[in-house]
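Asker: I would like to see how this sequence folds:
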Amino acid sequence: MTDQELLLIMNGIVKVARPVSADELKIESLDTLIKDTGLDSLDFLMVGVYLSDIYGVSEEDVKLMKLTEESTIRDVFEFMFKHSTQTPKTVEEALENVK
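Answerer: From the prediction side, this is the model:
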């Protein structure tokens, strides 16, 4: 998938994970630092749960993910790709069960 498609997936998940202010939050780049997204730790936990479901990443593997203040959205996707057991073919397929 392209960077643009990954951003569409991330922003689609953010709208579900943090619906109250989803219109105010828009991630413009995969190189955005997680701390600069406007998501708090619980919001980002929900984003991680949705991404792990989309990419078939086990709970055991998710526990291995170590994010720092310098981690980016790209780092999160790279972790998901590395541990994925499934890959959506389209943005729509990825967001199909995110509700």
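Asker: going forward, measure contacts and count neighbours with C-alpha atoms only.
Answerer: OK.
Asker: Low-confidence stretches in this protein?
Answerer: Within the chain, the stretches with pLDDT under 70 are 20-23.
Asker: now what about stretch 38-56, what contacts it?
Answerer: 10, 13-14, 17-18, 25, 58-59, 62, 80-81, 84-88, 94-95, 98 (CA atoms under 8 Å, 6 or more residues apart in numbering).
Asker: change it to 6 Å
Answerer: With CA atoms under 6 Å, 6 or more residues apart in numbering as the test, stretch 38-56 has contacts from 17, 84, 85, 86, 87, 94.
Asker: Just flag the most distant two among these.
Answerer: The two members of the contacts of stretch 38-56 with the most space between them (CA to CA) are 17 and 85, at 22.9 Å.
Asker: more neighbours, the two?
Answerer: When residue 17 and residue 85 are compared for neighbours, residue 17 comes out ahead with 23 against 14, by other CA atoms under 10 Å.
Asker: ok, that one to residue 82 distance?
Answerer: 23 Å (CA to CA, to the nearest Å).
Asker: ditto for residue 4
Answerer: For residue 4 relative to residue 82 (CA to CA), the value is 19 Å.
Asker: What about residue 35, how many residues nearby?
Answerer: 16.
Asker: Doesn't it lie inside a helix?
Answerer: Yes: assessed with DSSP: H, G, I helix; E, B strand; the rest coil, residue 35 lies in a helix.
Asker: ok, and the residue lying closest to it once chain neighbours are set aside, which helix or strand is that part of?
Answerer: Nearest non-adjacent residue to residue 35, counting by CA to CA, 6 or more residues apart in numbering: residue 69, 6.1 Å away. Using DSSP states H and E, residue 69 is not contained in any helix or strand.
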